[in-house]
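A.B. asks: With the input below, show me the fold.
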Amino acid sequence: MTITETLDNTATVHDPATDPANVERQRVKKKKLLVFLRKSTLSPNVMIDVFQDIGFRIDLIESSYILGYQNKAICDLLWCGCDSDFIVSEIPSKLNNRIPGIKAACKKGQLSQLVNLMHELFPQQFNFIPKTWNIPNNYAAFCHHVFTQKKKDEFYILKPDEGSQGEGIYLLKTPTDIPQGTLLRNSVIQQYISNPLLIDGFKFDFRLYVLVSKLDQLEVYLCKEGLARFCTQHYEQPTLKNLNKCYMHLTNYSLNKNNSEFIVSEEDSTGSKRTITSVMETLKHQGYDTCKIWKNIKDVVFKTLLCIAPLTRVEQLNETTIRAANTRTSRQFHIIGFDVLLDNQLKPYLLEINGFPSMKTEHETYDDKYNKSIIPSPVDERVKSFVLRGAFSILFCKNVPDSYETIIKQELSDEQEKYLVFDDCRRLFTLFLRKGVNKKTSLLGSTGFRSFVRSCRITTIIPSLTNAELDLLFINICQQGDSGTMRSLSFLAFYKLTLSLAEKKFPSKTKYHALRNFIDICFSYYELHGTT
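C.D. replies: Numbers count the residues shown, from 1 in each chain. Modelled structure (predicted):
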């Protein structure tokens, strides 16, 4: 307590706890601390506004100055707004926005492989991505398809595996249209969806925002609001003459913003960027069943997460991923961007997923002298504020607001349970991952493979196979392009090997039932005999 003598010689008692300045300091101190790692001072204002409205006190740090950050107290939330995973590990936090390993599963080539592997097991249920070839590994298969296919009006789209913002994208008719040098880097070629649903004559796609709040016991939520991104030139069927008209064929905002016809609108239902709900309302007025459209889109999100979750879990065992992860963080979450296109039959196609969707709310333009102007985008601001506020309600209040709906939580239905066979193969793979000399990788070496053969009694399950033949099978799959190295198996390569063995054991069964039965037998032998 402090005592101050007043002019009338009476003693007035002052309590520091009630002093207005101290009260304000204590109020600020009790706020949750958020550390925001950003690329530069141009980080999205909407994020800062949302964080402050929720009640965070914010430390803003540019990623280039991370090593000089002095506050070593555990923050309540670490938000990494830049590309590098490694700097996340520098700051202790209770929660951060990076699930380790998810970046690998978001690559276009990996995503297409994951969905295609499930498509082999469930052809009718996992047919929501265009036919895809990984380049350069599948270049010969792509050429064979082009020169033997019966449809002569088919076109293709080439994208870099890890590209973004519309860079390096080309429309093709034949392999000879591939730009020189492209075959030297990882890319994907997809069948071009030439019959997209149009509004006012323009092609468009949806950017959906998906919150993964847990990975181990998968919890996934879909924001009901998102962006509809429109081309800025009226659509025409692809021909050899219009293949280079990117404003007609490509919905990427980063490309279309450079067109003089790009419209920034104050309204949700007009302009080159609109809200998903306004587009759904337009489609409803045109007589389309928007409830069915949304249900099918949710189904794509659900099945895609079941595809990428097993690979993400495997990647978390990789030493590089472990170093990049924040080992001093108790929980992680991730917001993923899903790009979905509707064809004129209302079928949704997953084009790609973005592990780090932009939260910018400004529209950048350049004049003839390349002077940049920044124009606010009201639609972006409303949508992304909606996404963030709803996500934090789920994460901090354990409450699913009306702006979100649950996609995956707790137990799956009996029909959905069968899709977990892919993750069961992942569990089998990880049982033997740590066998051998190199125990800090997500690749299965020869020692681990032989342990798998012995522990699961593979030669007992398939008596016609000898150990020498199994070794040869291991070597052959290692030499395929999608394996880990010439002497080890990635998870996807192990999956293919396991499916091959399952089909040898059960040649008359469907791929799914053969794999399901084979994996069950392997687990039974493993539990009975243990590791050897």
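
A.B. asks: Show me which strand runs longest in the protein.
C.D. replies: In the chain, assigned by DSSP state E, the strand with the most residues is strand 202-214.

A.B. asks: Can you give me the buried ones in it?
C.D. replies: Of the residues in strand 202-214, those with enough neighbours to count as buried (16 or more other CB atoms under 10 Å) are 202-213. Where you see a C-beta, it was placed from the backbone N, CA and C, and this is true even at glycine.

A.B. asks: ranges for the helices of the stretch 51-200 of the chain?
C.D. replies: When assigned using DSSP state H, counting those that start in this stretch, the helices of the stretch 51-200 of the chain occupy the ranges 102-105, 108-121, 139-148.

A.B. asks: what mean pLDDT does the second one have?
C.D. replies: If you average the pLDDT over helix 108-121, you get 94.

A.B. asks: Tell me how far it lies from the chain's centre.
C.D. replies: With CA atoms, centre = their mean, to the nearest Å as the basis, helix 108-121 stands 14 Å off its chain's centre.

A.B. asks: list the helices and strands it packs on?
C.D. replies: helix 102-105, strand 132-135, strand 187-191, helix 290-315, strand 348-354, helix 421-431, helix 491-505, helix 511-529 (3 or more CB pairs under 8 Å, 6 or more residues apart in numbering; DSSP states H and E).

A.B. asks: Looking at the ones you listed, which is nearest to Gln233?
C.D. replies: Between Gln233 and the helices and strands packed on helix 108-121, the tightest spacing by CB to CB is seen for strand 348-354, at 18.9 Å.

A.B. asks: ok, and what's touching that closest one?
C.D. replies: Applying CB atoms under 8 Å, 6 or more residues apart in numbering, the contact partners of strand 348-354 are 106, 108, 111, 115, 128-130, 159, 164, 190, 193, 205, 293, 296-297, 300, 304, 308, 336-343.

A.B. asks: Off-centre distance for that strand?
C.D. replies: Its chain's C-alpha centre lies 10 Å from the corresponding centre of strand 348-354 when counted by CA atoms, centre = their mean.

A.B. asks: Tell me which strands that strand pairs with, and in which orientation.
C.D. replies: Here strand 348-354 has these sheet partners by DSSP bridges: strand 334-342 (antiparallel).

A.B. asks: Now do the strand it pairs with against strand 202-214, angle only.
C.D. replies: Note on geometry: by axes from the mean of the first three to the mean of the last three CA atoms, to 10 degrees, strand 334-342 and strand 202-214 are set 150 degrees apart in direction.

A.B. asks: Taking helix 290-315 as reference, get the angle to strand 334-342.
C.D. replies: With the same axes, to 10 degrees applied, the angle from strand 334-342 to helix 290-315 works out at 130 degrees.

A.B. asks: Pull the residues that contact strand 334-342.
C.D. replies: Outside of strand 334-342, the residues that reach it under the criterion CB under 8 Å, 6+ apart are 97-99, 102, 106, 193, 196-197, 205-212, 251, 293, 297, 300-301, 304, 348-355, 357, 387, 391.

A.B. asks: and if you look at stretch 381-401?
C.D. replies: 44, 46-47, 49-50, 53-54, 95, 209, 211, 213, 221, 223, 225-227, 268, 275, 333, 335, 359, 361, 403-404, 406.

A.B. asks: How about stretch 458-471?
C.D. replies: Contact with stretch 458-471 is made by 446, 449-450, 452-453, 501, 504-505, 518, 521-522, 525, as judged by CB under 8 Å, 6+ apart.

A.B. asks: remind me which residues of the stretch 351-500 of the chain are low pLDDT?
C.D. replies: For the stretch 351-500 of the chain, applying pLDDT under 70 flags the ranges 364-369, 434-440, 481-486.

A.B. asks: which residues of it fall in strands?
C.D. replies: Along the stretch 351-500 of the chain, counting by DSSP state E, counting those that start in this stretch, strands occupy 362-366, 372-376, 404-408, 444-445, 488-489.

A.B. asks: Ok, which of these comes nearest Gln237?
C.D. replies: Between Gln237 and the strands of the stretch 351-500 of the chain, the tightest spacing by CB to CB is seen for strand 362-366, at 29.8 Å.

A.B. asks: before we move on, back to that, report the buried members of the contacts of strand 348-354.
C.D. replies: When neighbours are counted using 16+ other CB under 10 Å, those contain these buried positions: 106, 108, 111, 115, 128-130, 159, 164, 190, 193, 205, 293, 296-297, 300, 304, 308, 336-342.

A.B. asks: Okay, Lys298 and Val383: tell me how far apart.
C.D. replies: Remark: distance between Lys298 and Val383 (CB to CB, to the nearest Å) = 18 Å.

A.B. asks: the more surrounded of these two?
C.D. replies: Set side by side, Lys298 and Val383 show more neighbours around Val383, with 27 against 16, by other CB atoms under 10 Å.

A.B. asks: quick revisit: mind putting the helices of the stretch 51-200 of the chain in CSV, distance to Ala73 included?
C.D. replies: CSV is the format used below for the helices of the stretch 51-200 of the chain (distance: least, CB to CB, whole Å):
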stretch, distance to Ala73
helix 102-105, 27
helix 108-121, 37
helix 139-148, 52
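
A.B. asks: which one of those helices is the most hemmed in?
C.D. replies: Ranked by mean neighbour count under mean count of other CB atoms under 10 Å, the helices of the stretch 51-200 of the chain are led by helix 102-105, which reaches a mean of 22.

A.B. asks: what does it rub up against?
C.D. replies: With contacts defined as CB under 8 Å, 6+ apart, helix 102-105 is touched by 85, 110-111, 114, 212, 215, 308, 311-312, 315, 321, 334, 336, 355-356.

A.B. asks: now with 7 Å?
C.D. replies: Helix 102-105 is touched from outside by 85, 110-111, 114, 308, 311-312, 315, 334, 355, with contacts defined as CB atoms under 7 Å, 6 or more residues apart in numbering.

A.B. asks: same check, this time on stretch 276-287
C.D. replies: The set of residues that contact stretch 276-287 without belonging to it, under CB under 7 Å, 6+ apart, is 199, 206, 225-228, 268-269, 290.

A.B. asks: Same check on stretch 499-512?
C.D. replies: 120-122, 418, 421, 458, 461-462, 513-515, 517-518.
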